[in-house]
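Asks: Predicted model follows, preceded by the sequence.
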Amino acid sequence: MKELEVAMAEGRADLAVHSLKDVPMELPEGFALTAVMEREDPRDALVSSQFASLDEMPAGTVVGTSSLRREAALRSRYPHLVIKPLRGNLDTRLGKLDRGEYGAIILAAAGLKRLGLGERIRALIEPDSSLPAAGQGALGIEIRADRPELAAWLAPLNHMPTMLAVSAERAVSRRLGGSCQVPLAAHARWHDATLQLDAFVGMPDGTRNVRAHAMAPVDSVQAAEQLGAAVAGDLLGQGADAVLAALSTAGPA
């Protein structure tokens with residue numbers, strides 16, 4: 001993101017489009033998230049040529065993921081599987097799977113679908129098994145904060161139901177200091193005018209985790225962020241701060 005923000009600051013670019021789950025909870029001064037487009041599928045996807053589901057994998061099956069969040073969820077629910085790191089761009093990751101280095105890999109469904117690789121998805125993993133990351137499946141547009149005319153031009157691209165949902169999710173992550181080094185999930189779903197928000201934080205080894213859930217009528221970003229703050233407070237009340245402290249002590253893997 002830094003390179004794109006430098007390009008905007010220098011006038012070489014007018015805007016940047018990001019996968020929202022990779023956008024920091026606080027943008028640098030002088031930049032703004034002006035629009036969030038309608039969300040793609042937010043779920044995680046199982047990619048495998050051998051297995052049709054996580055449930056049918058025998059003990060010792062190697063599953064690859066680049067996400068500590070997914071690792072925490074998998075180890076908690078499927079302790080008999082072997083979870084190993086998966087690095088590289090999408091082609092590299094799929095190549096490692098095809099060469100037999102992994103029995104299966106877990107990727108974001110949205111990325112595969114957007115790149116025309118939806119046929120590689122063997123199964124979609126429901127949020128009950130692997131809660132998505134905050135903002136997963138959504139694209140956000142970042143601009144310089146001093147470009148109101150650009151914000152006006154981009155306004156028609158803003159999908160308010162998605163904007164409100166991801167605002168609630170990102171509020172959870174912001175309160176808990178979420179980053180790629182924290183196994184944190186937050187996922188909001190609409191039921192008529194009511195927003196239902198689920199969140200999770202846990203240890204990558206699956207030994208400790210806390211979950212929280214809340215729902216409320218939401219009609220503004222402020223209301224969405226209040227819902228997210230309430231869920232984050234519930235997580236902290238259940239001991240999420242101890243989990244986060246343990247992660248900080250352990251340091252990155």
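Replies: That came in fine, so what should we check first? Numbers count the residues shown, from 1 in each chain.
Asks: surely residue 36 meets residue 19?
Replies: No: assessed by Cβ atoms under 8 Å, residue 36 is found out of contact with residue 19, at 11.4 Å. Heads up, the C-betas are built off the backbone N, CA and C, glycines and all.
Asks: Which strand or helix spans residue 94?
Replies: If you go by DSSP states H and E, residue 94 is part of helix 90-98.
Asks: Output that helix in CSV, but only the C-alpha positions, please.
Replies: The C-alpha atoms that make up helix 90-98 are tabulated as CSV, following Å, rounded to 0.1, in the frame of the first residue of the first chain:
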residue,chain,number,x,y,z
LEU,A,90,-1.8,-17.4,-6.2
ASP,A,91,-0.1,-19.3,-9.1
THR,A,92,2.7,-20.3,-6.9
ARG,A,93,0.3,-21.6,-4.2
LEU,A,94,-1.7,-23.6,-6.7
GLY,A,95,1.5,-25.0,-8.3
LYS,A,96,2.6,-26.3,-4.9
LEU,A,97,-0.8,-28.0,-4.5
ASP,A,98,-0.6,-29.5,-7.9
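Asks: That helix - contacts with which helices or strands?
Replies: Applying 3 or more Cβ pairs under 8 Å, 6 or more residues apart in numbering; DSSP states H and E, one finds that helix 90-98 contacts strand 62-65, strand 104-108.
Asks: Measure how far the shortest one is from the centre of its chain, please.
Replies: It stands for strand 62-65. 18 Å (Cα atoms, centre = their mean, to the nearest Å).
Asks: hmm, who's touching the following helix or strand past it?
Replies: Moving toward the C-terminus from strand 62-65, the next helix or strand (DSSP H and E) is helix 68-77. For helix 68-77, the external contacting residues (Cβ atoms under 8 Å, 6 or more residues apart in numbering) are 44, 54, 63, 65, 81, 83, 106, 129-131, 133, 180-185, 200, 202-207, 209, 253.
Asks: Which among these count as buried?
Replies: Among these, the ones that count as buried by 16 or more other Cβ atoms under 10 Å are 44, 54, 63, 65, 81, 83, 106, 129-131, 133, 182-185, 200, 202-204, 206, 209.
Asks: Now, those residues that are in helices?
Replies: Judged by DSSP state H, helices contain none of these.
Asks: how about the nearest residue to the spatially most central residue of the chain, chain neighbours excluded?
Replies: Note on the chain: the residue nearest the mean C-alpha position is residue 133, at 2.3 Å, using Cα atoms, centre = their mean. By the measure of Cβ to Cβ, 6 or more residues apart in numbering, the closest residue to residue 133 outside its immediate chain neighbours is residue 21, 4.5 Å from it.
Asks: Show the contacting residues for that neighbour.
Replies: 108, 132-138.
Asks: now residue 14
Replies: Per Cβ under 8 Å, 6+ apart, neighbours of residue 14: 8, 143, 147, 150.
Asks: what's the distance between it and residue 61?
Replies: 47 Å (Cβ to Cβ, to the nearest Å).
Asks: can you check residue 217 too?
Replies: Counting by Cβ to Cβ - residue 217 and residue 61 are separated by 43 Å.
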